[in-house]
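Colleague: sharing a sequence plus its predicted fold:
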Amino acid sequence: MKILTWFQFQNAVAVIARHYEGRAFNGIYGVPRGGLPLAVTLSHYLKLPLLDAPEDDILIVDDIYETGRTLKEFKSFEGCSYTVWITKDVPTFYFAADAATKNEWVVFPWEDPSQAQIDMEDYYASH
């Protein structure tokens, strides 16, 4: 189990902000739920409006890229860039600040570590 800290979160935000520095976006959208903390923080760093729905020419963020199913839902929007904090795959169309192995369960700072084992078991049982 990989338990991430708020310090690691701030470092990831800095890496992502540097990656997109100088890029023009109409806003930032965080995929609910996990992408919201990253989107809010990046909206401050990049001085972008936080959007409540995806649209063209924006930065779309999520907490983790595991199977690709979530981010691929947003590929129909034109001119968007995609980023995640953690990836479990080789980034192709998106940017990732950090990586985890495919078999590592990741616990983000906004999640309850004592609930992580149950969350992991529920996730694997449903997939």
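Modeller: Arrived safely.
Colleague: every contact and neighbour count from this point should use C-alpha atoms.
Modeller: OK.
Colleague: tell me how far the helix or strand containing Val84 lies from the chain's centre.
Modeller: Per DSSP states H and E: Val84 is located in strand 81-87. Offset of strand 81-87 from its chain centre (Cα atoms, centre = their mean, to the nearest Å): 5 Å.
Colleague: which helices and strands does the helix or strand just after it pack with?
Modeller: Downstream of strand 81-87, the next assigned helix or strand under DSSP H and E is strand 95-99. Judged by 3 or more Cα pairs under 8 Å, 6 or more residues apart in numbering; DSSP states H and E, strand 95-99 is in contact with helix 6-20, strand 81-87.
Colleague: can we see that at 6 Å?
Modeller: strand 81-87 (3 or more Cα pairs under 6 Å, 6 or more residues apart in numbering; DSSP states H and E).
Colleague: the strand it packs on pairs with which strands?
Modeller: Using DSSP bridges, the strands paired with strand 81-87 are strand 59-65 (parallel), strand 95-99 (parallel).
Colleague: and the strand holding Val84, what's its mean pLDDT?
Modeller: Across strand 81-87, pLDDT averages out at 97.
Colleague: got a list of contacts for that strand?
Modeller: 59-65, 94-99 (Cα atoms under 6 Å, 6 or more residues apart in numbering).
Colleague: check stretch 3-18 too.
Modeller: 97, 107-109.
Colleague: quick one, which of the residues you listed are buried?
Modeller: 97, 107-108 (16 or more other Cα atoms under 10 Å).
Colleague: can you redo those residues as a markdown table with pLDDT and distance to Gly35?
Modeller: Listed next are the buried ones among the contacts of stretch 3-18 as a markdown table, based on pLDDT from 0 to 100; distance: Cα to Cα, whole Å:
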| residue | pLDDT | distance to Gly35 |
| --- | --- | --- |
| Ala97 | 97 | 13 |
| Val107 | 95 | 13 |
| Phe108 | 96 | 11 |
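Colleague: so which elements touch the lowest-mean-pLDDT helix or strand in the chain?
Modeller: None of the helices or strands of the chain scores lower by mean pLDDT, DSSP states H and E than helix 116-126, at a mean of 86. Using 3+ Cα pairs under 6 Å, 6+ apart as the contact test, no helix or strand touches helix 116-126.
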